[in-house]
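In: predicted model, plus sequence, below.
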Amino acid sequence: MIEVVVKKKQHEAEDIVSLELARCDGGVLPPFSAGAHIDVQVGDGLLRQYSLCNHPSQQQSYLIAILRDPVSRGGSVALHDRVQQGDTLMISEPRNLFPLQHGAGRSLLMAGGIGVTPMLCMAEYLWHTGADFEMHYCARAQNRMAFYDRIRNSAFAGRVFFHVDDGADEQRLNAPELLVATAAQSGTHLYVCGPTGFMKAILTAADAAGWPGERLHREYFAAPESADPSASRAFDVKIASTGAVYTIEKDKKVTDVLAQNGISIPVGCNEGVCGTCLTRVLDGEPDHRDVCLSDAERAANDQFMPCCSRARSQLLVLDI
């Protein structure tokens, strides 16, 4: 973990603040690519993930934005109400589960609400590299749009379209129409991030328009509705290094059972969103319930997210 100081805290929109983070020792931060996120430690053992929204070339500081969650489990409220300029925090090095596809002929960026954070970094990068892209930013109202002025005053402002629910009909996003019109552009890749309902609407429209799966890229800030718990069953996990076998009852998580037996796996979101707990599987077939792994990674069945995923086979052998 890296100790950082809150260099600046700023109100960005209704219920959204940004934090500019710099190393306490004054050094440069690890490099990152557009779409990356960091873990932020908020209190004892509580990790939350936030996308980096400054240009990837800026290593003197990281910029993140936090939406106050009305059903917060402690992370967003703490960063809004308790963390102030000058305070110190512990963060991870950046990880990227939502990278741009280099070589794409065109990029279509679609952000809903706070989902603008990775998209902003992507737009900055694409503009500075001369790549072709278009960005659509949707929110309930303009006062809920983080970084609105920054985007309107940017060099790439002409490539961004704003859509608000309380605005005139002509500016509202017609996702089915847009995605039908762009589906035939074979070099175009679609990136979507935002609330679960927004993402479901965009991805459903893309599927109906015939977009191939390999050109669809998504990042969730919260896990979609999970599989029916009643469909779960007990299974066993074996620790390869010791041979110990533990039973995971249908209402228990792998990470929780292992922690109770002295085996600690780093966990972030506990929902299969952040990828922190990714664990190698040596034998058996996982029942993937995360939103991190690609279809190809799931098909390989050699890794899974033990914070949420389970097993189709009776036994999983873990590389621990």
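Out: Everything's here; your move. Computed from a predicted structure; not experimentally measured.

In: going forward, measure contacts and count neighbours with C-alpha atoms only.
Out: Fine.

In: distance of W127 relative to T188?
Out: 16 Å (CA to CA, to the nearest Å).

In: between the two, point out the one with more neighbours.
Out: Applying other CA atoms under 10 Å to W127 and T188 shows that T188 carries more neighbours, namely 21 against 14.

In: what about the strands in the stretch 201-320 of the chain?
Out: Using DSSP state E, counting those that start in this stretch, the strands of the stretch 201-320 of the chain run over 216-220, 235-239, 245-248, 279-283, 286-287, 303-304, 310-311, 315-318.

In: ok, for L173, nearest residue in space, not its chain neighbours?
Out: H163 (5.9 Å; CA to CA, 6 or more residues apart in numbering).

In: pretty sure the one you found is touching R144, no?
Out: No - between H163 and R144 there is no contact under CA atoms under 8 Å: 11.5 Å.

In: comparing these two, which residue is more hemmed in?
Out: H163 (23 against 19).

In: low-confidence ranges in this protein?
Out: Where the chain drops to pLDDT under 70, the residues are 44-45, 71-74, 222-231.

In: mind running it again at 80?
Out: 43-46, 70-74, 184, 186, 221-232, 268-270, 292, 294-296 (pLDDT under 80).

In: off-centre distance for the longest strand anywhere in it?
Out: For the chain, the strand reaching the highest residue count under DSSP state E is reported as strand 2-13. Averaging C-alpha positions (CA atoms, centre = their mean, to the nearest Å) puts strand 2-13 19 Å from its chain's average.

In: go through it and flag the buried ones.
Out: For strand 2-13, a neighbour-count test (16 or more other CA atoms under 10 Å) marks V4, V5, V6, K7, K9, E12, A13 as buried.

In: with stretch 34-43 instead?
Out: Neighbour-count burial for stretch 34-43 [16+ other CA under 10 Å]: A34, G35, A36, H37, I38, D39, V40, Q41, V42.

In: now stretch 10-27
Out: E12, A13, D15, I16, V17, S18, L19, E20, L21, A22, R23.

In: how about stretch 169-183?
Out: Neighbour counts over stretch 169-183 (16+ other CA under 10 Å) mark L173, A175, P176, L179, V180, T182, A183 as buried.

In: distance check, the closest residue to E3 other than its chain neighbours against P30.
Out: In this structure, E3 finds its nearest non-sequential neighbour in M90, 4.6 Å apart by CA to CA, 6+ apart. M90 is 14 Å from P30, where distance means CA to CA.

In: now swap in I320 and tell me
Out: Separation of I320 from P30 (CA to CA): 27 Å.

In: nearest residue to S232 in space, please, no chain neighbours.
Out: In space, S232 is closest to K250, 5.3 Å off (CA to CA, 6+ apart).

In: burial measure for the one you found, as a count.
Out: The number of residues near K250, taken as other CA under 10 Å, comes to 14.

In: what sits against it?
Out: Contacts for K250 (CA atoms under 8 Å, 6 or more residues apart in numbering) come out as P229, S232, R233, A234, F235.

In: closest to V273 among these?
Out: Relative to V273, the closest of the contacts of K250 is P229; by CA to CA it sits at 18.3 Å.

In: now the helices for the stretch 1-150 of the chain?
Out: 75-81, 116-128, 148-152 (DSSP state H, counting those that start in this stretch).

In: identify whichever of those helices lies nearest to D302.
Out: helix 116-128 (28.2 Å).

In: ok so, going back, would you check that the residue nearest to E3 makes contact with L21?
Out: No - with contact defined as CA under 8 Å, M90 does not count as touching L21 (10.1 Å).

In: which residues are common contacts for those two?
Out: Both M90 and L21 are contacted by V4, under the criterion CA under 8 Å, 6+ apart.

In: so what touches stretch 144-159?
Out: 12-16, 113-114, 116, 123-124, 127, 133-135, 139, 142, 160.

In: recalculate using a threshold of 6 Å.
Out: With contacts defined as CA atoms under 6 Å, 6 or more residues apart in numbering, stretch 144-159 is touched by E12, A13, E14, E134.

In: how about stretch 10-21?
Out: 4-9, 61-68, 143-146.

In: on that earlier part again, farthest pair within the contacts of stretch 144-159?
Out: Using CA to CA, the contacts of stretch 144-159 span at most 25.3 Å, a distance reached by E14 and E134.

In: could you list the domains of this protein?
Out: 2-91, 106-220, 229-318 (automatic domain parsing).

In: the residue nearest to L173 against N174, yeah?
Out: No - proximity of H163 to N174 does not meet the contact threshold set by CA atoms under 6 Å, at 9.7 Å.

In: any idea what T88 is bridged to?
Out: Applying DSSP bridges to T88 gives these bridge partners: V5.
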